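Peer 1: Predicted model and sequence follow; I will ask about them next.
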Amino acid sequence: MDANGMPETLVEVIKYFGESTNAFDFMVQLRWPEGVYCPRCTSTEVRFIGTRKIWECKARECKRQFSVKVGTIFEDSAIGLDK
């Protein structure tokens, strides 16, 4: 692992991202470095639903739910990020 705690070798990458929490947290930070916002209306008024690992937009006109995969190449994949 490097000074930031990120994996450096292929074996470390497989172990690190094999844990779903690490993979999820990495994708969230990569996608929304300034904070999570609704991909549909860009509102920052969102709440996280931890049991399902999704967000819900609290904007009155939107109210959509979304995951970290929405709008990415992983959106239609049933395979988890840890794979």
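Peer 2: Great, that's in hand.
Peer 1: Now the terminal residues of stretch 47-60, how far apart.
Peer 2: 13 Å (CA to CA, to the nearest Å).
Peer 1: so for it, what's the average pLDDT?
Peer 2: Taken as a whole, stretch 47-60 has a mean pLDDT of 96.
Peer 1: Figure out how far that stretch is from the centre of its chain.
Peer 2: A distance of 12 Å separates the centroid of the chain from that of stretch 47-60, by CA atoms, centre = their mean, to the nearest Å.
Peer 1: Give me the buried positions along it.
Peer 2: Burial within stretch 47-60, assessed by neighbour count using 16 or more other CB atoms under 10 Å, is assigned to 53-57. Every C-beta, even on glycine, is put in place using the N, C-alpha and C of the backbone.
Peer 1: now the helices: where do they sit in this structure?
Peer 2: Using DSSP state H, the helices found in the chain span residues 10-17, 20-31.
Peer 1: which among the buried residues of stretch 47-60 gets closest to I79?
Peer 2: Closest approach to I79 among the buried residues of stretch 47-60 (CB to CB): K53, at 14.6 Å.
Peer 1: Need the nearest residue in space to the closest one, chain neighbours excluded.
Peer 2: F24 (6.3 Å; CB to CB, 6 or more residues apart in numbering).
Peer 1: who touches that neighbour in this structure?
Peer 2: By CB atoms under 8 Å, 6 or more residues apart in numbering, the contact set of F24 is 53, 68, 81.
Peer 1: Just send those back as JSON lines, with distance to R47 too.
Peer 2: Converted to JSON lines, those look like this (distance: CB to CB, whole Å):
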{"residue": "K53", "distance to R47": "13"}
{"residue": "V68", "distance to R47": "15"}
{"residue": "L81", "distance to R47": "21"}
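Peer 1: From those, pick the one nearest M1.
Peer 2: So of the contacts of F24, ranked by how close each gets to M1 (CB to CB), first place is L81, at 19.5 Å.
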